[in-house]
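K.L.:
What follows is a predicted protein model with its sequence.
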Amino acid sequence: MGAPVALCFLLREGPLGREVLLGRKKRGFGLGKVVGLGGHIEPGETPAEAAVRELAEEAGVVLDAALLTPAGSVDFRFPARPAWDMECTMFTSTVWTGEIGETEEIAPAWYPVDRLPVEHMWQDADHWLPVVLSGTVGDFYVEMAEDNETVARFVVLGQ
Ligand SMILES: Nc1[nH]c(=O)nc2c1ncn2[C@H]1C[C@H](O)[C@@H](COP(=O)(O)OP(=O)(O)OP(=O)(O)O)O1
């Protein structure tokens, strides 16, 4: 089992349709990639509480843990670098307050859900993110290749 992490995808209706808030990572793990907002679950936190804290820290988003919609999970495995393994619990939310802004960690931006910036994301994101953003709750398994970038195996565990 990897380290527990939580992500939350904010969703809104823009003039051109549904949009999701993602962020370009400015430091640390996944530097330069566009990723879901979130991070490690601290001891004593529920996944929803961790998502609330991380989105506040990373982008100034104010969320209510009780209003997050469970969206499934991804088991990320890095066999060449097991220390990077993560067990990710996902949420979506259409309800938030706060002033969304850039921090030292993340530059957040809205993207149309039907035109995700997959070329700037982890390669596996194209497999599971469109499914999650379509509202389908799923549990996914991602195994990375030796290069820790290419997807070696992708499995839908349940949907
Ligand atoms: N293969 C993969 N594809 C993907 O899209 N996201 C992945 C991924 N492997 C890990 N992640 C995400 C899940 C998790 O939210 C994030 C972990 O990022 P971080 O290490 O930055 O977390 P933290 O924000 O807790 O870090 P600190 O700021 O160092 O505490 O990376």
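P.N.:
Yep, that arrived.
K.L.:
Please count neighbours and contacts with C-alpha atoms only from this point.
P.N.:
Fine.
K.L.:
can you give me the mean pLDDT across stretch 37-54?
P.N.:
Confidence over stretch 37-54, taken as the mean pLDDT, stands at 98.
K.L.:
which residue ranges form the strands in the protein?
P.N.:
When assigned using DSSP state E, the strands of the chain occupy the ranges 3-14, 17-25, 34-35, 37-40, 69-77, 86-93, 106-112, 138-144, 151-158.
K.L.:
Beta-bridge partners for the closest residue to Val113 other than its chain neighbours, please?
P.N.:
Of all residues not flanking Val113 in the chain, Glu19 sits nearest, at 5.2 Å (C-alpha to C-alpha, 6 or more residues apart in numbering). Applying DSSP bridges to Glu19 yields these beta-bridge partners: Arg12, Pro112.
K.L.:
I'd like to know how far Glu19 sits from the ligand.
P.N.:
With distances taken as C-alpha to the nearest ligand atom, to the nearest Å, Glu19 is found 17 Å from the ligand.
K.L.:
surely that residue meets Ala109?
P.N.:
No - in this structure, Glu19 sits apart from Ala109 without contact. The criterion is C-alpha atoms under 8 Å, and the distance is 9.7 Å.
K.L.:
Just the angle for the longest helix seen in the chain relative to strand 17-25, thanks.
P.N.:
The residue-count maximum for a helix in the chain (DSSP state H) belongs to helix 47-59. Relative orientation of helix 47-59 versus strand 17-25 (axes from the mean of the first three to the mean of the last three C-alpha atoms, to 10 degrees): 70 degrees.
K.L.:
Mind giving me the packing neighbours of helix 47-59?
P.N.:
Taking 3 or more C-alpha pairs under 8 Å, 6 or more residues apart in numbering; DSSP states H and E as contact, the helices and strands that helix 47-59 lies on are strand 3-14, strand 37-40, strand 106-112.
K.L.:
what comes into contact with it?
P.N.:
Residues lying outside helix 47-59 but in contact with it, judged by C-alpha atoms under 8 Å, 6 or more residues apart in numbering, are 5-8, 37-42, 61-66, 68, 89, 91, 100-108.
K.L.:
so does it get close to the ligand?
P.N.:
No - figure legend: helix 47-59 not in contact with the ligand (C-alpha under 6 Å from any ligand atom); closest approach 6.6 Å.
K.L.:
what about that helix, distance to the chain center?
P.N.:
Its chain's average C-alpha position is 11 Å from that of helix 47-59, according to C-alpha atoms, centre = their mean, to the nearest Å.
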